[in-house]
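# only geometry, no sequence info:
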């Protein structure tokens with residue numbers, strides 16, 4: 001059955017508009033000053049529309065946007081999908097019915113696939129670079145190894161699993177960076193889409209299987225990757241499945257005149273060169289806080305718990321201090337500064353005023369004297385120190401030969 005131009009436009013325009021609405025303000029969020037001058041106003045307008053859609057169309061009386069939760073699967077994010085689909089359909093319908101734009105559906109959609117390529121590509125590069133650094137999947141920590149497996153969330157279990165192996169993190173990072181780089185260039189975009197589909201499918205399955213709250217965003221990365229590949233699916237199917245001779249469509253330049261070609265080249269240099277470099281730079285800059293050297297790292301265990309000191313464990317690791325009892329609540333503190341003679345300045349999230357103080361001193365019998373001063377309150381304790389090498393998870397390591405499985 002032959003698809004009429006208007007039906008084709010009714011498919012391509014809404015799909016292209018949805019890609020644009022979902023991915024915006026990319027790539028403006030990578031360009032200095034554009035957020036304050038333009039992006040924030042458009043984003044605020046979109047937010048008002050989504051709130052209107054939820055409150056009025058879906059009749060969700062208490063619906064609101066929760067700011068900065070770290071989750072991409074909030075109620076607002078779910079309402080955003082049908083809201084954008086509805087808006088995309090109406091905009092696409094108008095464009096399909098107008099005589100001037102009706103014949104432009106294929107061209108508009110092709111440009112939106114280019115837009116999707118850069119959106120998915122740069123996102124995957126950012127994800128991939130993070131795998132090589134401290135942050136997304138941290139290695140075994142004192143806190144994680146002192147937490148019972150049964151008390152770990154599904155997402156926490158996945159993060160600890162991935163974080164254990166640097167080799168596997170490097171593999172994941174290289175896979176994401178490779179897919180992203182291939183998507184940034186026309187000649188490698190189809191191969192990039194194939195790799196991206198495999199990479200994003202794995203991400204989606206992990207997010208759904210371990211309740212990671214990035215389900216909607218990762219699903220869109222997979223969806224956009226499929227859309228990028230879809231125009232070339234027939235020759236790929238003919239070659240790999242039917243074993244027929246086939247060839248991909250010839251890549252034609254979008255511009256032939258000199259000035260548009262120069263403008264395009266500058267845009268490509270910025271998107272495929274400057275932005276990836278700036279993302280890598282920002283990732284490395286974020287490591288300053290996460291990679292603090294702390295010679296006092298360890299798990300300090302004290303023999304008694306009382307009303308003055310209701311905790312018997314103290315964890316020091318990089319820029320983090322944790323106080324906890326065997327089954328009681330935990331207190332988290334940030335290490336602000338490490339001074340000489342075992343003095344650490346600490347802060348908590350609720351009090352950003354003058355830092356509190358922790359003093360550590362090693363005695364002759366390998367015991368550690370600890371004094372914690374929080375305001376005017378002082379807590380003393382004497383205990384032992386445990387290193388990471390004491391944990392089986394860390395000291396077991398890798399073995400080429402295993403006469404018997406070591407599965408404790």
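Noted; the coordinates are in hand. The structure displayed is predicted, hence computed values, not measured ones.
# residue 46 contacts residue 21, doesn't it?
Yes - Residue 46 lies in contact with residue 21 (C-beta atoms under 8 Å); the separation is 7.3 Å. No exception for glycine: its C-beta is placed from N, CA and C like everyone else's.
# what part of this structure, helix or strand, is modelled with the least confidence?
Least confident helix or strand, the chain: helix 287-290 with a mean of 67, by mean pLDDT, DSSP states H and E.
# how about the helix or strand just after it: buried residues?
Downstream of helix 287-290, the first helix or strand assigned by DSSP states H and E is strand 298-302. Residues of strand 298-302 classed as buried by neighbour count (16 or more other C-beta atoms under 10 Å): 298-300, 302.
# and if you look at stretch 88-105?
Counting neighbours by 16+ other C-beta under 10 Å, stretch 88-105 gives 88-89, 91-92, 95-96, 102, 104-105 as buried.
# swap in stretch 262-279?
For stretch 262-279, using 16+ other C-beta under 10 Å, the buried residues are 271-272, 275-276, 279.
# stretch 229-241 too?
229, 231-232, 235.
# restricted to helices, list those.
229, 235 (DSSP state H).
# a markdown table for the buried residues of stretch 229-241, including distance to residue 184 and pLDDT?
Compiled in a markdown table, those are given as follows (distance: C-beta to C-beta, whole Å; pLDDT from 0 to 100):
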| residue | distance to residue 184 | pLDDT |
| --- | --- | --- |
| 229 | 15 | 96 |
| 231 | 18 | 92 |
| 232 | 17 | 92 |
| 235 | 22 | 92 |
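# in the buried residues of stretch 229-241, find the pair that's most separated.
Using C-beta to C-beta, the two most remote members of the buried residues of stretch 229-241 are 229 and 235, lying 11.2 Å apart.
# now the two most distant members of the buried residues of strand 298-302.
Among the buried residues of strand 298-302, 298 and 302 lie farthest apart (C-beta to C-beta), at 12.9 Å.
# out of everything not next to it in sequence, what's closest to residue 385?
Residue nearest to residue 385 in three dimensions, not counting chain neighbours: residue 298, with 4.4 Å by C-beta to C-beta, 6 or more residues apart in numbering.
# again with residue 146
Setting aside the residues directly before and after it, residue 146 is nearest to residue 299 in space (C-beta to C-beta, 6+ apart), at 6.5 Å.
# quick one, what contacts the residue nearest to residue 385?
142, 315-316, 385-387 (C-beta atoms under 8 Å, 6 or more residues apart in numbering).
# swap in residue 59?
For residue 59, the contact set (C-beta under 8 Å, 6+ apart) is empty.
# need the contact list for residue 17.
87-88, 91-92, 95, 112.
# ok, of those residues, which one's closest to residue 330?
Among the contacts of residue 17, residue 87 lies closest to residue 330 (C-beta to C-beta), at 44.6 Å.
# what's around that closest one, how many residues?
With neighbours defined by other C-beta atoms under 10 Å, the count for residue 87 comes to 18.
# nearest to residue 260 among the buried residues of stretch 88-105?
Looking across the buried residues of stretch 88-105 and measuring by C-beta to C-beta, the closest to residue 260 is residue 104, at 17.3 Å.
# check which helix or strand residue 63 maps to.
Counting by DSSP H and E, residue 63 is part of no helix or strand.
# for the protein, which helix is longest?
helix 105-131.
# and residue 9, how far is that from residue 227?
Per C-beta to C-beta, to the nearest Å, residue 9 is found 17 Å from residue 227.
# these two: who's more crowded?
residue 9 (25 against 20).
# and after the one helix or strand that one maps to, which helix or strand comes next?
Per DSSP H and E: residue 9 is located in helix 5-23. Following helix 5-23 in sequence order, the next helix or strand is helix 34 (DSSP H and E).
# before we move on, the earlier item: measure the residue nearest to residue 385 to residue 141 for me?
12 Å.
# before we move on, what about residue 97?
Using C-beta to C-beta, one gets 59 Å for the distance from residue 97 to residue 141.
# do residue 163 as well
Remark: distance between residue 163 and residue 141 (C-beta to C-beta) = 9 Å.
# how confident was the prediction at the closest residue to residue 222 other than its chain neighbours?
Once flanking residues are discounted, residue 222 sits nearest to residue 200: 3.9 Å by C-beta to C-beta, 6+ apart. Residue 200 carries a pLDDT value of 98.
# residue 200 against residue 227, yeah?
No - counting by C-beta under 8 Å, residue 200 sits too far from residue 227 to count as a contact (12.0 Å).
# now residue 41, what's its secondary structure?
Under DSSP: H, G, I helix; E, B strand; the rest coil, residue 41 falls in the helix class.
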